[in-house]
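A.B. asks: Okay, sequence plus prediction incoming.
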Amino acid sequence: MAPKKKAGKGAKEPEIKKKKGGKKDPSLANKPMEMPISEEIREFYHIQIRDLEDRLARYQQKWDELAVQEKLFRQEFEQLANNKKEIVAFLKRTLNQRVDEITNLNEQLQSLQLAKEMEKDAFEAQLAQVRHEFQETKDQLTTENIILGGKLAALEEFRLQKEELMEKFMLLEDQLRKQENEHKDYVHALEKKSALDADRLKKEIIQRVNVVATEFRKVAMSQMGDTTKRAIMENNTMTLQLAKIARQGMQLLQENEQLRGDQDNLCRQLALLENSQKVMARHSRGHQKIILMLTEKCREQQQGTAEAKQLRLLLSQLEQSLTQLQKDNQALRSQREQLNLQLERQQAEGQRLQQELAEEQKVRASLETALAQATTFLQDIVQMQPDKEDGDFDVVLQLQCKEMLKHLLVMLSSAMVLSPQMAVSPRRESQSCGPPKERRYSTQPLKTGPLLQQLSSVTPYQLGDLGLVPRRIHIPPNPEDLRLLSHTTRVGNLWAHSSPEVRVPGSLKRFKKFSLPKVSLLSK
């Protein structure tokens with residue numbers, strides 16, 4: 001087995017050294033009791049070698065796990081970087097779209113403002129023209145209203161006069177009718193009276209003639225002369241009565257002619273009144289036409305005022321739409337400013353992430369160099385084998401291995417303690433300084449923080465330990481409990497809790513110590 005070979009070689013090495021260096025160093029021959037190594041020490045070295053091999057296997061497994069985790073972290077970081085690029089591209093694209101929309105809206109706003117100004121000028125000019133026309137028509141209508149008011153007053157006076165005249169005319173007509181009726185009655189009465197008088201006179205004349213005839217006959221028979229005288233006198237009276245009746249008839253005829261003249265005058269007045277009524281009707285028709293024209297003009301003016309009100313409402317609506325567009329433009333400007341601020345924050349976050357990535361790459365490179373050097377040191381330790389002839393120098397090999405392991409422990413502890421602290425400190429500063437949202441955004445995607453914290457929490461162990469396996473709780477051995485243990489276990493515990501230094505023979509003190517090159521972890 002390997003430990004036995006090493007032991008044989010370790011036993012042979014002092015003999016060869018004795019043979020070769022017997023002449024040069026005679027003091028080695030004087031100390032033969034220091035050369036042999038006890039079985040307990042050999043057993044202790046065998047146990048330590050097995051422990052180191054187990055540790056090496058565990059470290060190799062831990063290194064594989066760390067490599068897998070590092071690969072996963074790299075994939076996640078690349079995915080996060082791609083996601084970040086996609087997000088930045090999407091935000092840039094949306095920002096460009098918003099900028100294009102804002103420019104389009106600004107152009108539309110400018111065009112609407114120009115159209116609004118042009119329409120406003122046109123509406124103002126139209127409104128001024130309408131106001132001027134309205135004022136002119138108003139003045140014209142006021143003058144016409146004044147004239148028509150005067151005409152209406154004259155018409156009212158004429159109407160009153162007409163009513164008075166019509167009342168007089170009606171009274172005259174009634175009076176004329178009454179007079180005509182009275183005249184007809186009077187004429188009828190006169191005619192009747194004249195007829196009656198004529199009949200009576202005829203009867204009287206006939207009677208008188210008969211009487212006269214009889215008397216004449218009588219008188220004629222008696223006195224012919226008296227009868228003739230009386231007849232002549234009666235003739236004279238009858239002629240006088242007839243003349244009187246004729247005069248009365250002439251008077252009645254004159255009165256009739258006068259009444260006919262009055263009737264003709266009244267007819268002429270009636271014709272004049274009818275003509276004046278026709279003239280007044282024509283004037284009233286003209287006035288009605290003027291009133292209709294005025295009503296049409298008033299209606300047109302009302303339509304013009306309604307159109308002006310509609311134009312004012314349209315102008316107010318346009319002003320409201322303009323104010324709404326201005327508000328929308330202001331909101332879009334504020335949104336653009338927010339997007340610009342968000343883009344600046346994301347750019348700052350990207351720069352910070354790039355800086356962290358560079359620092360992580362530096363730390364990773366330093367860890368890779370440290371792991372590469374550790375692997376080379378472990379390979380050198382594994383490849384170190386003593387000569388077959390030098391069997392007594394196994395202790396020297398163990399010391400060399402121990403020295404190399406010390407250097408490896410120092411290197412790994414410095415690499416695992418200092419580098420993670422350097423990698424974690426800027427992240428903590430950025431997380432503490434940044435806002436809560438950015439800090440949440442920067443810490444959630446990257447999952448390397450817990451690993452670095454775990455690595456930074458590792459503290460350097462004692463000599464002989466590589467520092468990658470967590471140490472156990474140190475319990476000092478009880479002397480009473482050590483009595484119950486075997487000799488080998490007791491010696492192993494004593495060596496574990498005692499000083500790591502091993503006493504070697506004096507002939508081995510001249511052996512040149514194995515030196516390792518210093519590794520600068522912070523050079524990169």
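C.D. replies: Received the coordinates, thanks.
A.B. asks: Which parts of the protein are helices?
C.D. replies: 2-20, 39-222, 224-383, 394-433, 436-443, 448-456, 479-482, 487-497 (DSSP state H).
A.B. asks: quick check: angle from the longest one to helix 224-383?
C.D. replies: Right, the one you point to is helix 39-222. Orientation of helix 39-222 against helix 224-383 (axes from the mean of the first three to the mean of the last three Cα atoms, to 10 degrees) gives an angle of 180 degrees.
A.B. asks: if we can go back for a sec, and the helices of the chain as CSV, adding mean pLDDT?
C.D. replies: Shown next, in CSV, are these (pLDDT from 0 to 100):
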stretch, mean pLDDT
helix 2-20, 41
helix 39-222, 83
helix 224-383, 84
helix 394-433, 63
helix 436-443, 38
helix 448-456, 43
helix 479-482, 49
helix 487-497, 46
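A.B. asks: I'd like a version of these in TSV, one that adds mean neighbour count as further columns.
C.D. replies: The C-beta positions use only the backbone N, C-alpha and C, and glycine is treated the same way. Converted to TSV, the helices of the chain look like this (neighbours: other Cβ atoms under 10 Å):
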stretch	mean neighbour count
helix 2-20	17
helix 39-222	13
helix 224-383	13
helix 394-433	18
helix 436-443	13
helix 448-456	16
helix 479-482	9
helix 487-497	15
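A.B. asks: Could you find the closest non-adjacent residue to residue 238?
C.D. replies: residue 205 (7.3 Å; Cβ to Cβ, 6 or more residues apart in numbering).
A.B. asks: Isn't that neighbour up against residue 241?
C.D. replies: No: in this structure, residue 205 is not within contact of residue 241 by Cβ atoms under 8 Å, at 10.5 Å.
A.B. asks: From residue 118, how far out is the residue nearest to residue 238?
C.D. replies: Distance of residue 205 to residue 118, computed by Cβ to Cβ, to the nearest Å: 118 Å.
A.B. asks: Kindly report the same for residue 272.
C.D. replies: 68 Å.
A.B. asks: Also residue 354?
C.D. replies: For residue 354 relative to residue 118 (Cβ to Cβ), the value is 54 Å.
A.B. asks: Alpha carbons only: can I get stretch 374-384 in CSV?
C.D. replies: Written as CSV, here are the backbone C-alpha positions of stretch 374-384 (Å, rounded to 0.1, in the frame of the first residue of the first chain):
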residue,chain,number,x,y,z
ALA,A,374,-4.7,25.6,-5.8
THR,A,375,-5.2,22.7,-8.3
THR,A,376,-1.6,23.0,-9.4
PHE,A,377,-0.5,22.9,-5.7
LEU,A,378,-2.7,19.9,-5.0
GLN,A,379,-1.4,18.2,-8.1
ASP,A,380,2.2,18.9,-7.0
ILE,A,381,1.3,17.5,-3.6
VAL,A,382,-0.2,14.4,-5.1
GLN,A,383,2.7,13.9,-7.5
MET,A,384,5.3,14.3,-4.7
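A.B. asks: How about residues contacting it?
C.D. replies: Stretch 374-384 has contacts (Cβ atoms under 8 Å, 6 or more residues apart in numbering) with 56, 397, 400, 401, 404, 405, 407, 408, 411, 412, 516.
A.B. asks: Go again with 7 Å.
C.D. replies: 56, 397, 400, 401, 404, 408, 411, 412 (Cβ atoms under 7 Å, 6 or more residues apart in numbering).
A.B. asks: Closest to residue 139 out of those?
C.D. replies: Minimum distance to residue 139 across those is 109.9 Å, recorded for residue 412 (Cβ to Cβ).
A.B. asks: show me the contacts for residue 297.
C.D. replies: 137, 141.
A.B. asks: Against residue 276, how distant is it?
C.D. replies: Taking Cβ to Cβ, one finds residue 297 at 31 Å from residue 276.
A.B. asks: Next: residue 60.
C.D. replies: 141 Å.
A.B. asks: same thing with residue 161?
C.D. replies: For residue 161, the distance to residue 276 - Cβ to Cβ - is 10 Å.
A.B. asks: do the same with residue 325
C.D. replies: For residue 325, the distance to residue 276 equals 71 Å [Cβ to Cβ].
A.B. asks: same question, residue 58
C.D. replies: 142 Å.
A.B. asks: cool, and residue 104?
C.D. replies: For residue 104 relative to residue 276 (Cβ to Cβ), the value is 80 Å.
A.B. asks: Please apply the same query to residue 356.
C.D. replies: Applying Cβ to Cβ to residue 356 and residue 276 gives a distance of 116 Å.
A.B. asks: Repeat that for residue 86.
C.D. replies: Counting by Cβ to Cβ - residue 86 and residue 276 are separated by 104 Å.
A.B. asks: And residue 211, by the same measure?
C.D. replies: According to Cβ to Cβ, residue 211 and residue 276 sit 67 Å apart.
A.B. asks: Need the pLDDT of residue 511.
C.D. replies: Residue 511 carries a pLDDT value of 37.
A.B. asks: so what are the domain limits for the protein?
C.D. replies: 37-107+348-508, 136-311 (automatic domain parsing).
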